[in-house]
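Student: Okay, structure incoming, though there's no sequence with it:
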Ligand SMILES: [Zn+2]
């Protein structure tokens, strides 16, 4: 187990997109107007980075190619400060809405733009709204062919718990093009279901004490936590978008509490970027790893 001052190190990640790009508010008409909305992503990400700096923490930033083209200095500065720059694809279209060829162009474009800016290889990918599912499993082969090492897009929230427990911190998936590491956001097995406890709306929904106790339980089970949030979740002043009641509830719930909650989380748990935390485990690949997944306990 990776240790720092005796504490296990977990994975902290952010999906870098504008508040008007989220899938819940997606429409083709709105997509056409993206360039007309007020941009808030750079300011929000910078505030977030200042918070991470106060705790001395590096994280993974899954950045849209569309954002990187418009905010190149933001990408360069994240990389220069030691954060991991990873890919959130180019245009934030759900994988389930894309053809394989369109998906390939999307993940290729994002990787090229980010690598040109940082001068470093981009090895990680996360799909918009975790939209790699059993129906879009072909996407994993394409990620391998396009040079990605890991994916963080498969989120089995509210699925029934398998009798065979899933590996707690990541596993390898074989595809026709080769193998890829899957690093899913953490879920807690409770009441026969996999309960999402590791980020986004769920982190804003549960009182912090509840989140903390869920995460401690996962930690005791030997899991690497994989947490995710978005820069817009730290921006209670963002302009309101029209959408369904449920979308609005989920998007705007407790935005004013996210910053304090993350700050508490960073005091209670120790975090790093996905590459920083997982690379030592990837390097062990064929030595000590069980075939069904990574063994997280030391
Ligand atoms: Zn996203």
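Tutor: Yep, it's here. On a predicted model such as this, the values are computed, not experimentally measured, just so you know.
Student: where do the helices sit along the stretch 1-150 of the chain?
Tutor: 28-32, 41-55, 65-70, 72-80, 100-118, 138-145 (DSSP state H, counting those that start in this stretch).
Student: now the second one, how far from the centre of its chain.
Tutor: What that stands for is helix 41-55. Distance of helix 41-55 from its chain centroid, counting by C-alpha atoms, centre = their mean, to the nearest Å, is 16 Å.
Student: which other helices and strands contact that helix?
Tutor: Other elements packing on helix 41-55 under the criterion 3 or more C-beta pairs under 8 Å, 6 or more residues apart in numbering; DSSP states H and E are strand 7-16, helix 72-80, helix 258-268. Yep, even glycine has a C-beta here, placed from its N, CA and C like the rest.
Student: tilt between it and strand 7-16?
Tutor: 170 degrees (axes from the mean of the first three to the mean of the last three C-alpha atoms, to 10 degrees).
Student: do the same with the last one
Tutor: Angle between the axes of helix 138-145 and strand 7-16 is 100 degrees (criterion: the same axes, to 10 degrees).
Student: Now tabulate the helices of the stretch 1-150 of the chain in a markdown table and tack on distance to the ion.
Tutor: Shown next, in a markdown table, are these (distance: least, C-beta to the ion, whole Å):
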| stretch | distance to the ion |
| --- | --- |
| helix 28-32 | 14 |
| helix 41-55 | 11 |
| helix 65-70 | 10 |
| helix 72-80 | 16 |
| helix 100-118 | 12 |
| helix 138-145 | 15 |
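Student: Of all those helices, which one comes closest to residue 263?
Tutor: Among those, helix 41-55 comes nearest to residue 263, with 6.4 Å by C-beta to C-beta.
Student: Pipe the helices of the stretch 1-150 of the chain into a markdown table and attach mean pLDDT per row.
Tutor: As requested, those are exported to a markdown table (pLDDT from 0 to 100):
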| stretch | mean pLDDT |
| --- | --- |
| helix 28-32 | 91 |
| helix 41-55 | 97 |
| helix 65-70 | 98 |
| helix 72-80 | 98 |
| helix 100-118 | 98 |
| helix 138-145 | 97 |
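Student: Save the ones you listed as CSV, and put in mean neighbour count too.
Tutor: Formatted as CSV, those follow (neighbours: other C-beta atoms under 10 Å):
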stretch, mean neighbour count
helix 28-32, 10
helix 41-55, 17
helix 65-70, 21
helix 72-80, 17
helix 100-118, 19
helix 138-145, 20
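Student: Which one, of those helices, ends up nearest to residue 195?
Tutor: helix 138-145 (24.7 Å).
Student: Other residues contacting the helix or strand following that closest one?
Tutor: Downstream of helix 138-145, the next assigned helix or strand under DSSP states H and E is strand 150-151. When contacts are defined by C-beta atoms under 8 Å, 6 or more residues apart in numbering, strand 150-151 is touched by residues 123-127, 132, 140, 143, 170, 173, 180-183, 274, 278, 282.
Student: 10 Å instead, please
Tutor: 60, 86, 123-127, 132, 139-140, 143-144, 170, 172-173, 180-184, 274-275, 278-279, 282 (C-beta atoms under 10 Å, 6 or more residues apart in numbering).
Student: Could you give me the ChimeraX syntax to select whichever of the residues you listed are buried?
Tutor: The ChimeraX selection below is limited to those of these classed as buried (16 or more other C-beta atoms under 10 Å):
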select :60,86,123,124,125,126,127,132,139,140,143,144,170,172,173,180,181,182,183,184,274,275,278,282
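Student: give me the number of residues near residue 178?
Tutor: By other C-beta atoms under 10 Å, the residues close to residue 178 number 12.
Student: so who does it touch?
Tutor: 140-141, 143-145.
Student: Apply 8 Å and report the result again.
Tutor: residue 144.
Student: Excluding chain neighbours, what is closest to the closest residue to the ion within the stretch 101-250 of the chain?
Tutor: Nearest residue of the stretch 101-250 of the chain to the ion: residue 128, at 4.6 Å (C-beta to the ion). Excluding the flanking residues, the one nearest residue 128 by C-beta to C-beta, 6 or more residues apart in numbering is residue 92, at 4.6 Å.
Student: Looking at the helices of the stretch 1-150 of the chain, which is nearest to residue 209?
Tutor: The nearest among the helices of the stretch 1-150 of the chain, by C-beta to C-beta, is helix 41-55 at 19.6 Å.
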